[in-house]
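Asks: test case, fold it:
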Amino acid sequence: MLVKTFGSAVQGVNAYTITIEVNVSPGTKYFLVGLPDNAVKESEQRIKSALKQYNYRFPRQNVVINMAPADVKKEGSAYDLPIAIGLLAGSEQLPTEDIDKYIMMGELALDGELRPIKGVLPIAIQARKEGYKGFILPKENAQEAAIVNNLEVIGVSTLKEAVDFLSGNLSISPLKVDTRDIFQTTVHQYTADFADVQGQENIKRALEIAAAGGHNAIMIGPPGAGKTMLAKRLPSILPPLTLHEALETTKIHSVAGKLGTNSSLMAQRPFRAPHHTISDVALVGGGGNPQPGEISLAHNGVLFLDELPEFKRTVLEVMRQPLEERRVTISRAKLTIDFPANFMLVASMNPCPCGFYNDPNKDCVCGPGVVQRYLNKVSGPLLDRIDLHVEVTPVSFDQMTSTRRAETSADIRERVEKARQWQADRFKDFPEIHSNAMMPPQMVKDLCRINEAGRLLLKAAMEKLGLSARAYDRILKVSRTIADLAASEEIKIEHLAEAIQYRSLDREGWAG
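Replies: Here you go, the predicted structure:
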């Protein structure tokens, strides 16, 4: 008897349907075809054991299972459930009326329990798009799939539950989730707040500017000055995710298997902080079946690179194109996949190997030229894509022990949202541009005009401080953001002066 069940495969951040054709006929052999990998081939042993637990029989006949389209490689153990259901239906142990109305995915344990899988959200989105009635999957993944409306999400714990549901012997109510309610109740839940940070007012101001304009930033300072602590609080002052952004972010984390069990919608901006031993593939994504890397997991959020010069040069260089294009393209012989990568880059570094160059309290013990060689580990083209260079100094004892409550993230976020609204109005005719940091050079000339006094100040700064030519556009973009925070239509001289001070690493002689 020939029956068909339906599963799904994920490529990039999208899914496509896999038809699993099971033909049970007289004979004694078992064939599994359609380019399955080893994990799919091994499903035979898992399914045999699971069926035996519930007194179902594995068909001792000629069994041919074809996974179509047959020219696309099938990977992973999540096809166990649709193959098992197909075998039961093909051997007439299960009625076939409803099995073609559902997408089914799940890994079977030897005792018949279902283990959670990854990539559930894009599969559910595709199932609704193609008009399937429902999605049968492990109960731990049901919350995630239920984000998609107009699709019956049937969470089951065992193979027996799935079989009983399809045969009509068990009634399982589809899981209902109010996506908007979840979003509204969790969008403002932050684990860290700027109110916890004593002192460092100038660094908070710099991060506020970075958040308001979407600017990349780097913090330079000695160990223990608070660089990592401040960076971790940056997502709390960024504008909240929109529902569309939340779904987009959740989809990427679902594909990468980073959501965890019983999770649903990601309502906070992601904060990713990979270790400096990370490989370039782990950072940008890749693999035989390309998976998203850290820069895509940071989409719509913050990518924090602590101890920037310790990262391998090749790892840092692969970020240059994604920083410009806001996406990463992974090409293979048979396919090309785009992963979104619209993130804010925040980096931190010591000013020298010992960490105390320019420190007012401790002497640097690095030899001549060592500081410059250390800074040269970070290439000019990468620094060219970082708008704000912020020098961080240690907090004094009086500031650390102060009982005065610092400004909260909510207060700072309110100012950031107002500045972002100015930018939304400014770029309403340019849908691909959302913030000042994304302005191309020609738009900088048109929208970041300065008066004669400002021009003279900028000229003097570039000559006296030895600023490089690449600093020019960056200063204008940052000054435009500072003006937006001040609700000013024009860039004033004080806005320009503040922007100039955020180009530390461009100053000739900064490292001796």
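Asks: pretty sure residue 46 contacts residue 109?
Replies: Yes: the pair residue 46 / residue 109 is scored as a contact, 7.5 Å apart, by C-beta atoms under 8 Å. From N, CA and C alone the C-beta is placed, and that goes for glycine too.
Asks: mind listing the helices for the stretch 1-150 of the chain?
Replies: All helices of the stretch 1-150 of the chain, identified by DSSP state H, counting those that start in this stretch, fall at 38-41, 43-53, 80-90, 120-129, 142-145.
Asks: what are the buried residues along stretch 193-213?
Replies: Going by neighbour count (16 or more other C-beta atoms under 10 Å), the buried part of stretch 193-213 is 193-195, 197-200, 203-213.
Asks: more neighbours, residue 46 and residue 109?
Replies: residue 46 (19 against 15; other C-beta atoms under 10 Å).
Asks: now do the same contact list for the closest residue to that one other than its chain neighbours.
Replies: Leaving out its chain neighbours, the residue that sits closest to residue 46 by C-beta to C-beta, 6 or more residues apart in numbering is residue 108, at 4.8 Å. Shown in contact with residue 108 (C-beta atoms under 8 Å, 6 or more residues apart in numbering): 43, 46, 47, 50, 77, 80, 81, 84, 114, 115, 159.
Asks: please redo it, this time with the cut-off set to 7 Å
Replies: By C-beta atoms under 7 Å, 6 or more residues apart in numbering, the residues touching residue 108 are 46, 47, 50, 80, 81, 84, 114, 159.
Asks: emit the PyMOL select command for whichever of the residues you listed are buried.
Replies: A single PyMOL command selects the buried members of those (16+ other C-beta under 10 Å):
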select buried, resi 46+47+50+80+81+84+114+159
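Asks: which of the contacts of residue 108 lies closest to residue 334?
Replies: residue 80 (25.6 Å; C-beta to C-beta).
Asks: with adjacent residues omitted, what lies nearest to that closest one?
Replies: Nearest to residue 80 is residue 108, by C-beta to C-beta, 6+ apart, at 4.0 Å.
Asks: ok, what's across the strand from that neighbour?
Replies: Using DSSP bridges, the bridge partners assigned to residue 108 are residue 114.
Asks: how close does residue 351 get to residue 202?
Replies: Look at residue 351 and residue 202: by C-beta to C-beta, to the nearest Å, they are 16 Å apart.
Asks: and for residue 291?
Replies: Residue 291 is 40 Å from residue 202, by C-beta to C-beta.
Asks: one more: residue 393?
Replies: Note on residue 393: its distance to residue 202, by C-beta to C-beta, is 9 Å.
Asks: what do residue 46 and residue 109 both touch?
Replies: With C-beta under 7 Å, 6+ apart, residue 46 and residue 109 have no common neighbours.
Asks: ok, the closest residue to residue 109 other than its chain neighbours - contacts?
Replies: The shortest distance from residue 109 to any non-neighbouring residue, by C-beta to C-beta, 6+ apart, is to residue 115 (5.9 Å). Residues near residue 115 by C-beta under 7 Å, 6+ apart: 107, 109, 138.
Asks: closest to residue 277 out of the residues you listed?
Replies: Proximity of the contacts of residue 115 to residue 277 was ranked by C-beta to C-beta; the top entry is residue 107 with 30.7 Å.
Asks: that closest one: how many residues sit nearby?
Replies: By the measure other C-beta under 10 Å, the count of residues near residue 107 is 19.
Asks: so who does it touch?
Replies: With contact taken as C-beta under 7 Å, 6+ apart, residue 107 is in contact with 77, 78, 80, 114, 115, 117.
Asks: quick check: the gap between residue 414 and residue 240.
Replies: Residue 414 is 11 Å from residue 240, by C-beta to C-beta.
Asks: more neighbours, these two?
Replies: Ranked by neighbour count (other C-beta under 10 Å), residue 414 and residue 240 place residue 240 first, with 16 against 11.
Asks: mind pulling up the pLDDT for the residue lying closest to the more buried one once chain neighbours are set aside?
Replies: Distances taken as C-beta to C-beta, 6+ apart put residue 187 closest to residue 240, at 4.8 Å, once the chain neighbours are dropped. Here the pLDDT value assigned to residue 187 is 80.
Asks: cool, residue 510 as well?
Replies: 53.
Asks: kindly list the longest helix within the chain.
Replies: helix 409-426 (DSSP state H).
Asks: now do that one, average pLDDT.
Replies: Helix 409-426 comes out at a mean pLDDT of 94.
Asks: can you spell out which helices and strands pack onto the helix or strand just after that helix?
Replies: Sequence-wise, the next helix or strand downstream of helix 409-426 (DSSP states H and E) is helix 441-447. If you count contacts as 3 or more C-beta pairs under 7 Å, 6 or more residues apart in numbering; DSSP states H and E, helix 441-447 packs onto helix 471-485.
Asks: circling back: counting contacts, what elements does the longest helix of the chain pack onto?
Replies: Applying 3+ C-beta pairs under 7 Å, 6+ apart, one finds that helix 409-426 makes contact with helix 201-213, helix 471-485.
Asks: for residue 299, find the nearest of the ones you listed.
Replies: Taking C-beta to C-beta, helix 201-213 is the member of the helices and strands packed on helix 409-426 nearest to residue 299, at 16.4 Å.
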